[in-house]
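Participant: okay, predicted coordinates and the sequence, questions at the end:
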Amino acid sequence: MALLEAKGITKKFGGLVAVDKLSFEVKQGEIVSIIGPNGAGKTTVFNMITGIYEIDEGEIVFDNKVISNKSPIYIVEAGISRTFQNIRLFKQMRVIENVMVGTHIKTNYNFFDALFRTKRFRNEERKATQKAIDILESIDLGDYINDYANNLPYGLQRRLEIARAIATGAKLLILDEPAAGMNPQESENLLNFIRSLQAKGYTILIIEHDMNVVMNISDRIYVMDYGKRIANGTPSEIASNPDVIKAYLGDASEILEEDDAV
């Protein structure tokens, strides 16, 4: 059963059709990647899912609810959270404070409670703090709780950004270029981290240019070009598609062969 389904979604910017009647689905517990060259429309798709862009045609269904053209806050509350290609942490805040920003989407107090630090505010803050600690410990960031985000190594900053997305109570994590700027060891650590999230029950949708990451982490892959879906399938199916290999993946088939040989 699909947790997320895009049905013929289209986005136009003036005379430019950025996304053209695109359909795809993400099933519960899957890791699905969307790939394609720069300008293919991948990030536009993410922005349509998360409410940043309105959809001109079609609809998006998440967890059996139509979320097309809903506000970003509505979509986060529904259970979708994302990261961005450029890390957007509060770098002068501590690690735990960054995660607590995510927990506050679900806190149950109002401006009056926060202003006068009522009992309800204090109780909710204690719950949020404990939730943030539990998340950080569950993803091996417990030793960095009181560090400033800016002082973390790059790979751990990426992990922290995902932790903040988890803290919103997300069922679906949308990761935009999570391996961007990483060296090979950091990319390998990221692969293991994403696998661990899947093992914990998260469903994950990824845009990624690092084909080593894409081919070794994805359950299924969708390929876009000029806003259209041109191929979809398992990594082995995509890697054996001559047109896809030539246009987008280069030596992706070799990556799979090397992985199988290990």
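Facilitator: Cool, got the structure. Residues are numbered from 1 along each chain as shown.
Participant: how about the contacts made by the residue nearest to Thr234 when sequence neighbours are not counted?
Facilitator: Closest residue to Thr234 in three dimensions, ignoring its sequence neighbours and counting by C-beta to C-beta, 6 or more residues apart in numbering: Arg220, at 6.0 Å. Placement of C-beta: from N, CA and C, glycine included. Taking C-beta atoms under 8 Å, 6 or more residues apart in numbering as the contact definition, Arg220 lies against Glu30, Val32, Ser33, Asn232, Gly233, Thr234.
Participant: need phi/psi at Arg220.
Facilitator: phi -140, psi 160 (degrees, to the nearest 10).
Participant: model confidence score at it, please.
Facilitator: For Arg220, the model assigns a pLDDT of 97.
Participant: elements contacting the helix or strand containing Phe112?
Facilitator: When secondary structure is defined by DSSP states H and E, Phe112 falls within helix 111-116. When contacts are defined as 3 or more C-beta pairs under 8 Å, 6 or more residues apart in numbering; DSSP states H and E, helix 111-116 packs onto helix 119-138.
Participant: helices and strands around the helix it packs on, which ones?
Facilitator: Contact partners of helix 119-138 among helices and strands, from 3+ C-beta pairs under 8 Å, 6+ apart: helix 95-103, helix 111-116, helix 154-166.
Participant: and the helix holding Phe112, how far out from the chain middle?
Facilitator: When C-alpha coordinates are averaged (C-alpha atoms, centre = their mean, to the nearest Å), helix 111-116 and its chain have centres 33 Å apart.
Participant: export that helix as PDB, just CAs?
Facilitator: Output in PDB follows, covering the C-alpha atoms of helix 111-116 (Å, rounded to 0.1, in the frame of the first residue of the first chain):
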ATOM      1  CA  PHE A 111       1.700  32.000  23.900                       C
ATOM      2  CA  PHE A 112       0.300  32.700  27.400                       C
ATOM      3  CA  ASP A 113       1.800  29.500  28.800                       C
ATOM      4  CA  ALA A 114       5.200  30.300  27.200                       C
ATOM      5  CA  LEU A 115       5.100  33.900  28.400                       C
ATOM      6  CA  PHE A 116       4.300  33.100  32.000                       C
END
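Participant: and the helices in the protein?
Facilitator: Counting by DSSP state H, the chain has helices at residues 42-49, 72-78, 95-103, 111-116, 119-138, 154-166, 184-199, 211-217, 235-239, 242-244, 252-261.
Participant: can you pull the buried residues of the longest one?
Facilitator: Under the neighbour-count criterion of 16 or more other C-beta atoms under 10 Å, helix 119-138 has Phe121, Glu124, Glu125, Ala128, Thr129, Lys131, Ala132, Ile133, Ile135, Leu136 buried.
Participant: list the contacts of it.
Facilitator: Looking at helix 119-138 with C-beta under 8 Å, 6+ apart, the contacting residues turn out to be 95-96, 99-100, 102-104, 107-109, 113-114, 142, 144-145, 163, 166-167, 200.
Participant: any idea of the angle it forms with helix 95-103?
Facilitator: Interaxial angle of helix 119-138 relative to helix 95-103 (axes from the mean of the first three to the mean of the last three C-alpha atoms, to 10 degrees): 120 degrees.
Participant: tell me the residue furthest from the middle of the chain?
Facilitator: In the chain, the greatest distance from the average C-alpha position (C-alpha atoms, centre = their mean) is reached by Phe116, at 36.2 Å.
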